[in-house]
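K.L.:
A structural model of the following input is requested.
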Amino acid sequence: MGVLVLNASMEPLHTVSVPHAVRMLVRKVAEIHEAEVDSTIGVFPLPRVVRLVRYVVTRWRYARPPRWSRRGVLRRDGHRCAYCGGPADTVDHITPLSRGGERTSWLNTVACCGRAARSCNSRKGDRLPAEAGMRLLVTPYVPTWADLYG
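P.N.:
Prediction:
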């Protein structure tokens, strides 16, 4: 259960844990915007949404695309396997690392199912999708901040 943090201009920034939100309230860097009706934490109602007291400049966020991460790839692809469309729990390199594929490239990685013995990740193995007789249902792309956190 997370607490949404709004900038002073009411734009969403990110989510934080409830204890973190309470610390923000104690330090008076944020105020409660929305809260649970009958729940409290000490003197504060249980926050759902907090708003920063001062505006935080977020230009850094839009200057560059987000850094590659496994979680980001899964989020970008909606936690759906790029080969079968089922639930994804791992990341697959389209061009395998052993064949010169980039490890942390948004364009070389897709979400993939991989825990079962007959998963798409194990079926593809160390081959290109065409060699494994598989085709991508999605086209990998470099996401924007809004794609991942918007």
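K.L.:
Direction included, what does the lengthiest strand in the chain pair up with?
P.N.:
As assigned by DSSP state E, the longest strand anywhere in the chain is strand 30-41. Here strand 30-41 is paired, per DSSP bridges, with strand 44-52 (antiparallel).
K.L.:
what's next to the strand it pairs with, contact-wise?
P.N.:
3-8, 10, 13, 18, 21-22, 24-25, 29-37, 39-40 (Cβ atoms under 8 Å, 6 or more residues apart in numbering). Just so you know, the C-beta spots here come from the backbone N, C-alpha and C atoms, and that holds for glycine as well.
K.L.:
in the longest strand of the chain, what counts as buried?
P.N.:
30, 32-33, 35 (16 or more other Cβ atoms under 10 Å).
K.L.:
And it, how far out from the chain middle?
P.N.:
Distance of strand 30-41 from the chain centroid (Cα atoms, centre = their mean, to the nearest Å) equals 26 Å.
K.L.:
Identify all contacting residues around stretch 67-78.
P.N.:
66, 88-89, 91, 104-106, 109-111, 138, 141, 143, 147-148.
K.L.:
Can you find the helix or strand in the protein with the smallest mean pLDDT?
P.N.:
helix 59-63 (a mean of 70; mean pLDDT, DSSP states H and E).
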